[in-house]
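Undergrad: I'll drop the sequence and a predicted model, then ask my questions.
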Amino acid sequence: MKDSIGKYKVGTCVYAKAIPDESLIIRRFVTNIYYCQLADQSDPDDLVYFERELMSAQEKKELS
(Lines give C-alpha, C1' and ligand atoms only; values in the text may rest on other atoms or scores of the structure.)
Protein backbone atom coordinates (compact mmCIF):
# COMPACT_ATOMS: atom_id res chain seq x y z
CA MET A 1 0.00 0.00 0.00
CA LYS A 2 1.48 3.33 -1.02
CA ASP A 3 1.29 6.37 1.25
CA SER A 4 -0.42 9.40 -0.29
CA ILE A 5 0.55 13.04 0.02
CA GLY A 6 -1.40 15.08 2.56
CA LYS A 7 -1.16 18.40 4.36
CA TYR A 8 0.88 16.90 7.21
CA LYS A 9 4.00 14.76 6.77
CA VAL A 10 4.69 11.52 8.60
CA GLY A 11 6.42 12.29 11.91
CA THR A 12 4.78 15.71 12.27
CA CYS A 13 3.34 16.76 15.63
CA VAL A 14 -0.32 17.76 15.29
CA TYR A 15 -3.39 18.22 17.49
CA ALA A 16 -6.89 16.85 17.13
CA LYS A 17 -9.54 19.56 17.23
CA ALA A 18 -11.59 17.32 19.54
CA ILE A 19 -8.73 16.98 22.09
CA PRO A 20 -6.37 19.94 21.55
CA ASP A 21 -4.47 19.33 24.80
CA GLU A 22 -3.04 16.01 23.53
CA SER A 23 -0.23 16.18 20.98
CA LEU A 24 -0.22 13.50 18.30
CA ILE A 25 2.46 12.21 15.97
CA ILE A 26 1.48 11.31 12.41
CA ARG A 27 2.48 7.69 11.91
CA ARG A 28 1.01 7.08 8.48
CA PHE A 29 -1.22 8.70 5.86
CA VAL A 30 -3.19 6.39 3.58
CA THR A 31 -6.24 7.07 1.43
CA ASN A 32 -6.92 10.48 3.02
CA ILE A 33 -6.79 9.09 6.56
CA TYR A 34 -4.13 9.98 9.13
CA TYR A 35 -3.01 7.28 11.55
CA CYS A 36 -1.62 8.95 14.66
CA GLN A 37 -0.19 7.97 18.01
CA LEU A 38 -0.16 9.98 21.21
CA ALA A 39 3.14 11.84 21.46
CA ASP A 40 3.72 10.52 24.98
CA GLN A 41 3.15 6.97 23.68
CA SER A 42 0.81 6.20 26.58
CA ASP A 43 -1.47 4.23 24.24
CA PRO A 44 0.02 1.84 21.66
CA ASP A 45 -3.13 1.93 19.49
CA ASP A 46 -3.46 4.26 16.53
CA LEU A 47 -5.94 7.11 16.53
CA VAL A 48 -7.51 7.70 13.13
CA TYR A 49 -8.40 11.16 11.79
CA PHE A 50 -9.36 12.94 8.60
CA GLU A 51 -7.30 16.01 7.70
CA ARG A 52 -10.14 18.39 8.63
CA GLU A 53 -10.07 17.00 12.20
CA LEU A 54 -6.41 17.94 12.78
CA MET A 55 -4.56 21.19 13.30
CA SER A 56 -0.88 22.11 13.36
CA ALA A 57 0.91 23.61 16.35
CA GLN A 58 0.74 27.01 14.60
CA GLU A 59 -3.04 26.72 14.13
CA LYS A 60 -3.39 25.78 17.79
CA LYS A 61 -1.42 28.87 18.86
CA GLU A 62 -3.67 31.09 16.74
CA LEU A 63 -6.73 29.74 18.55
CA SER A 64 -5.27 30.60 21.98
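TA: Right, received. Where do you want to start? Numbers count the residues shown, from 1 in each chain.
Undergrad: Sketch out the strands for the chain, chain order is fine.
TA: Applying DSSP state E to the chain gives strands spanning 13-16, 23-30, 33-38, 47-50, 54-56.
Undergrad: Now do the fourth one: everything it contacts.
TA: This means strand 47-50. By CB atoms under 8 Å, 6 or more residues apart in numbering, the surrounding residues in contact with strand 47-50 are A16, L24, N32, I33, Y34, Y35, C36, Q37, L38. Heads up, the C-betas are built off the backbone N, CA and C, glycines and all.
Undergrad: min pLDDT across the residues you listed, which one?
TA: When those are sorted by pLDDT, the bottom entry is N32 at 92.
Undergrad: That one touches Y8, doesn't it?
TA: No. Between N32 and Y8 there is no contact under CB atoms under 8 Å: 11.9 Å.
Undergrad: Overlap in contacts, those two.
TA: E51.
Undergrad: Looking at the two now, which is surrounded by more residues?
TA: Set N32 next to Y8 and count neighbours by other CB atoms under 10 Å: Y8 wins out with 18 against 10.
Undergrad: how far away is that one from K17?
TA: 13 Å (CB to CB, to the nearest Å).
Undergrad: Could you tell me the end-to-end distance of stretch 38-50?
TA: Distance across stretch 38-50, first residue to last, is 16 Å (CA to CA, to the nearest Å).
Undergrad: and that stretch, which residues are buried?
TA: L38, L47, Y49 (16 or more other CB atoms under 10 Å).
Undergrad: unless I'm mixing things up, the first one is touching E22, no?
TA: Read it as L38. Yes. At 6.1 Å, L38 counts as touching E22 under the criterion of CB under 8 Å.
Undergrad: Tell me how far the closest residue to D46 other than its chain neighbours lies from P44.
TA: Nearest non-adjacent residue to D46, counting by CB to CB, 6 or more residues apart in numbering: Y35, 4.5 Å away. Going from Y35 to P44 by CB to CB gives 13 Å.
Undergrad: Kindly report the same for G11.
TA: 17 Å.
Undergrad: Same check on K7?
TA: Between K7 and P44 the distance is 25 Å, computed by CB to CB.
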